[in-house]
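> what shape does this take:
(one chain, ligands or ions: 1)
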Amino acid sequence: MPELAEVEYIARQLRANVMGAQIAGVDVFWPRVVAHPAPETFAAEIAGRVIAGINRRGKLLLLELSGGGWLTVHRRMSGNLRLLKADEPDERYLIAQLRLADGRRVQYSDPRKFGRLAFWRAEELPAALAGYGAEPLAEDFTAEKLAEILHGRARALKPLLLDQSRIAGLGNIYTDEALHRAGLHPLRRADTLTSAEIARLREAIVTVLEIGIAHGGTTFGRHQTLFGEAGRNVQHLLVYRREGQPCLTCGTPIQRIVVGQRGTRFCSRCQPAPDITE
Ligand SMILES: [Zn+2]
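Have a look, this model is predicted:
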């Protein structure tokens, strides 16, 4: 499932390749993908506009369009964006496409169809983004900010880090990787961390995301770059999907437990279990 790193990589590729391109037309082949407004209005609103900016909020990709409007893409489970030249064949599981005036197409494909596209007028955008928590790659994601997020929370770290309304963009892969790098057990209560542990966790979150982005994201399932390549981050993961294999730091076999219905990997030696009296 694409997380912040996979979405950010695509955002950077789009920025390098389609900035300033005009959208000649929009085709929606599976109308339920359009979350807002009605599918016909969606296509009519976007056609003719120029791609003026590429942004990201958590796992949401935002294309700023000329004339004051935003196209948002949430890939959810299995959505992918591809940039195709005029003579390249359509993607499998094609859901919608932007036809650029120069003949290229930006295609959205999604076999499971959980992803969503939307168009927002500029004044509608803030409400559309209102539920998103802190942005981990923003300059203001400091140890103090993370301390505020964790303060007074009796929840375990793993589900709290996955909560998009607290921190936007982390999913199962990068949460497990960050907790491992920080030496924190996934079941530690958020309100029991010391200042030093909070600083380590902030650093670990930023580090795992930057490593993921640098390698084009993590591909176990469908994630591909804008040009159809698999992400190369799997070989840089320390714990995710490495259960039974030795911890790269201490050699202890990586364990898998289920936390909040999510498979969770950790090293029982590097990430000691919380004291139950805490
Ligand atoms: Zn270890």
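
> is stretch 257-266 in proximity to the ion?
No: counting by Cβ under 5 Å from the ion, the ion is not contacted by stretch 257-266; separation bottoms out at 8.7 Å. In short, each C-beta sits where N, CA and C put it, glycine included.

> just the CA trace of that stretch, in CSV.
Written as CSV, here are the backbone C-alpha positions of stretch 257-266 (Å, rounded to 0.1, in the frame of the first residue of the first chain):
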residue,chain,number,x,y,z
ILE,A,257,2.8,-9.8,16.4
VAL,A,258,-0.6,-8.3,15.5
VAL,A,259,-1.3,-4.9,16.9
GLY,A,260,-4.7,-3.3,16.2
GLN,A,261,-5.2,-5.9,13.4
ARG,A,262,-1.9,-4.9,11.7
GLY,A,263,1.0,-7.3,11.3
THR,A,264,3.8,-5.7,13.3
ARG,A,265,7.5,-6.6,13.1
PHE,A,266,10.1,-5.8,15.7
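
> list the buried residues of that stretch.
Val259, Thr264, Arg265, Phe266 (16 or more other Cβ atoms under 10 Å).

> stretch 94-101 now?
Using 16+ other Cβ under 10 Å as the test for burial, stretch 94-101 gives Leu94, Ile95, Ala96, Gln97, Leu98, Arg99, Leu100.

> what does it contact?
For stretch 94-101, contacts defined as Cβ atoms under 8 Å, 6 or more residues apart in numbering pick out 18, 21-30, 33-34, 46, 79, 105-110, 113, 115, 117.

> need the residues of the protein near the ion, please.
Checking the chain against the ion by Cβ under 5 Å from the ion, the hits are Cys247, Thr249, Cys250, Thr252, Cys267, Arg269, Cys270.

> most surrounded residue in these?
In terms of neighbour count, Cys267 stands highest of the residues of the chain next to the ion at 24 neighbours, by other Cβ atoms under 10 Å.

> which residues does the spatially closest residue to it that is not a sequence neighbour contact?
The shortest distance from Cys267 to any non-neighbouring residue, by Cβ to Cβ, 6 or more residues apart in numbering, is to Cys247 (4.0 Å). Each residue near Cys247 by Cβ under 8 Å, 6+ apart is listed here: Leu238, Val239, Pro253, Ile254, Cys267, Arg269, Cys270.

> coming back round to it: from the contacts of stretch 94-101, which ones fall inside strands?
23-28, 34, 105-109, 117 (DSSP state E).

> circling back: which of the contacts of stretch 94-101 are buried?
18, 21, 23, 26, 28, 33-34, 46, 79, 105-110, 115, 117.

> how about the helices in the protein?
4-17, 39-46, 125-128, 143-150, 157-162, 172-182, 195-214 (DSSP state H).

> what does the third one contact?
Applying Cβ under 8 Å, 6+ apart, the contact partners of helix 125-128 are His36, Trp70, Thr72, Ala118, Trp120.

> and it, which residues are buried?
In helix 125-128, counting by 16+ other Cβ under 10 Å, buried: Leu125, Ala128.
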